[in-house]
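Novice: how does the following fold in three dimensions:
(one chain, ligands or ions: 1)
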Amino acid sequence: MGEPGLVSVLAMPQRHRCTEAGDRSVMPKTLEGQITMEKTPSYFVTNEAPKRIHSMAKDTKLIVVVRNPVTRAISDYTQTLSKKPDIPTFEVLAFKNRTLGLIDASWSAIRIGIYALHLENWLQYFPLSQILFVSGERLIIDPAGEMAKVQDFLGLKRLVTEKHFYFNKTKGFPCLKKPEDGSPPRCLGKSKGRTHPKIDPDVIHRLRKFYKPFNVMFYQMTGQDFQWEQEGSDK
Ligand SMILES: Nc1ncnc2c1ncn2[C@@H]1O[C@H](COP(=O)(O)OS(=O)(=O)O)[C@@H](OP(=O)(O)O)[C@H]1O
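Specialist: Numbering: from 1, shown residues only. I've put the predicted structure just below:
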């Protein structure tokens, strides 16, 4: 299962076969000039993953899509709720002690959003130049712009551009079209872009406070300001 709002991609250099966190044998063969990509969101938060991937191919490029960790936590909860409707409310799960305002950082929906912590593990093995951080928010507002960065990072020609996206009002998100071959446009499936439950504003406020220092640390580590502290960024 994916971790909502967080996507990591391993982009292998040409002719390398890729991995299940570092196991080439399970991946398909790649022809010269091709890049093998594998998307496993949970790698980013798996302690052993950096070491294993590094020992397999230290020139692996890593792509991580990050979004406001408060929205990410709610998105994660929404995904779990869709499979297990009887779980406690988000508000209950988010706290160790609600009266004291003590956030339960061991709850995976919350822990995953402490990006600075996870990134620290990766930086033990990979230089920052080998990691691309894609803004989940910008990916929705300007998918072609974010895809341009991805293609540049991978050393690819910018083949995916503005003309491959359109905003689908029903879906409420950008969707893909392929003007070249006339195939029908395609949106992501029902499990992407679900309506989130309404969360108590006090809980949101508490979570924002909880994440702020970790977010600031993450901006410093990456040299990118994702602007998650701005009003409305977690709406
Ligand atoms: N174009 C487009 N269409 C639909 N959804 C989009 C799109 N771009 C980004 N998003 C956001 O992606 C979120 C779901 O991706 P995930 O991170 O859950 O994917 S994964 O399962 O971890 O691979 C999903 O989160 P939720 O809104 O919470 O469902 C979306 O907000």
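Novice: only C-alpha atoms for contact and neighbour calcs from this point on.
Specialist: Will do.
Novice: for the closest residue to Phe165 other than its chain neighbours, name its beta-bridge partners.
Specialist: For Phe165, ignoring the flanking residues on the chain, the nearest one in space by Cα to Cα, 6 or more residues apart in numbering is Leu176 at 4.8 Å. In this entry, Leu176 is beta-bridged to Phe165, Arg186, by DSSP bridges.
Novice: Leu176 and Pro185 touch, don't they?
Specialist: Yes: look at Leu176 against Pro185 with Cα atoms under 8 Å: they come within range, at 5.5 Å.
Novice: among these two, which residue is more densely surrounded?
Specialist: Taking neighbours as other Cα atoms under 10 Å, Leu176 and Pro185 compare with Leu176 leading, 18 against 14.
Novice: quick revisit: relative to Asp23, how far out is the residue nearest to Phe165?
Specialist: Separation of Leu176 from Asp23 (Cα to Cα, to the nearest Å) stands at 32 Å.
Novice: one more: Gly223?
Specialist: In this view, Gly223 and Asp23 are 31 Å apart by Cα to Cα.
Novice: more neighbours: these two, which one.
Specialist: Comparing Gly223 with Asp23 by neighbour count (other Cα under 10 Å), the higher total belongs to Asp23, at 14 against 10.
Novice: could you check the pLDDT of the more buried one?
Specialist: According to the prediction, Asp23 has pLDDT 76.
Novice: quick one, what contacts it?
Specialist: Shown in contact with Asp23 (Cα atoms under 8 Å, 6 or more residues apart in numbering): Met56.
Novice: again, but for Val134
Specialist: Ile63, Val64, Val65, Val66, Glu146, Val150.
Novice: widest-spaced pair of those residues?
Specialist: Spatial extent of the contacts of Val134 (Cα to Cα) is set by the pair Val66 and Val150 at 13.7 Å.
Novice: can you map out the strands along the chain?
Specialist: Using DSSP state E, the strands assigned to the chain run over residues 7-11, 37-39, 61-66, 95-97, 102-103, 131-135, 165-168, 173-178, 183-186.
Novice: which strands and helices sit next to the shortest one?
Specialist: Packing contacts for strand 102-103, counted by 3 or more Cα pairs under 8 Å, 6 or more residues apart in numbering; DSSP states H and E, involve strand 95-97.
Novice: same thing but 10 Å
Specialist: Judged by 3 or more Cα pairs under 10 Å, 6 or more residues apart in numbering; DSSP states H and E, the packing partners of strand 102-103 are strand 95-97, helix 201-222.
Novice: out of those, flag the one nearest Ser233.
Specialist: Closest to Ser233 of the helices and strands packed on strand 102-103 is helix 201-222 (Cα to Cα; 10.4 Å).
Novice: so what's the closest residue to Asn97 other than its chain neighbours bridging to?
Specialist: Counting by Cα to Cα, 6+ apart, Asn97 lies nearest to Ile103, which is 7.1 Å off, once chain neighbours are set aside. On the basis of DSSP bridges, Ile103 takes part in beta bridges with Phe95.
Novice: let's number from 24 now, not from 1
Specialist: In the new count, where the first residue is 24, that last one comes out as Ile126.
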